[in-house]
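Novice: kindly return the folded structure for what I paste below:
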Amino acid sequence: MDAAHADVSKHVKAYLAVFAALAILTIVTVLVAQIDFPGAGNVIVALLIAAFKASLVAAIFMHLKWERAPWIWISLVFCVVFFAVLMALPVLTTNDVPPRVEHTSWGR
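Specialist: Sure, this is the predicted structure:
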C-alpha cells in the first residue's frame with residue numbers, strides 16, 4: 001500500500017504543474033484572441049497554443065511521458081500524419097473548383 005501511495009505522490013507535483021500551465025495558457029489564449037494578427041495569424045497562434053496544451057495533457061495525464069511501448073508511438077505518429085493530411089485537403093483542393101457559371105432560367 002505504501003508503494004502505491006509513494007507512486008501517486010511523486011506524480012502530484014507534475015499534475016499540479018500541468019494544471020497551472022493549462023490555466024495560464026487558457027488565459028494567454030483569451031488575451032491573444034484580442035490581438036489582430038495579419039492573415040491567418042490568429043488561427044495559427046490559437047492552434048499552436050492548443051497543440052501545446054494537448055501535448056501537456058497527453059504527456060502527463062495520459063501517462064505517455066512514461067510509455068515505452070513503440071507501437072503506441074507509431075500509432076500516435078500515424079494519427080498526427082493522418083490529421084495533417086485531413087487538414088491540408090481543403091487547401092490542396094482550392095484550385096479544383098470550376099470557373100463560376102452563371103445560372104439562368106430556361107426563359108432567358
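
Novice: burial of Ile60, as a residue count?
Specialist: By other CB atoms under 10 Å, 19 other residues sit near Ile60. Yep, even glycine has a C-beta here, placed from its N, CA and C like the rest.

Novice: identify the residues contacting it.
Specialist: 14-15, 18 (CB atoms under 8 Å, 6 or more residues apart in numbering).

Novice: who wins on neighbours among these?
Specialist: Neighbour max across the contacts of Ile60 (other CB under 10 Å) = Val18, 16 neighbours.

Novice: in what helix or strand does it lie?
Specialist: Using DSSP states H and E, Val18 sits within helix 2-33.

Novice: which SS state does Val85 fall under?
Specialist: helix (DSSP: H, G, I helix; E, B strand; the rest coil).

Novice: burial measure for it, as a count.
Specialist: 10.

Novice: quick check: the gap between it and Glu67.
Specialist: Val85 sits 25 Å away from Glu67, taking CB to CB, to the nearest Å as the criterion.

Novice: just the local confidence number for the residue nearest to the spatial centre of the chain, please.
Specialist: Among the residues of the chain, the one closest to the centroid is Ala51, at 3.3 Å (CA atoms, centre = their mean). According to the prediction, Ala51 has pLDDT 90.

Novice: what helix or strand is it on?
Specialist: helix 41-56.

Novice: tell me which residues in that helix are buried?
Specialist: 45, 49, 53, 56 (16 or more other CB atoms under 10 Å).

Novice: which residues are in contact with the closest residue to the first one other than its chain neighbours?
Specialist: Of all residues beyond its chain neighbours, the one nearest Val45 is Val32 (5.5 Å), with distances taken as CB to CB, 6 or more residues apart in numbering. By CB under 8 Å, 6+ apart, the contact list for Val32 reads 42, 45-46, 49.
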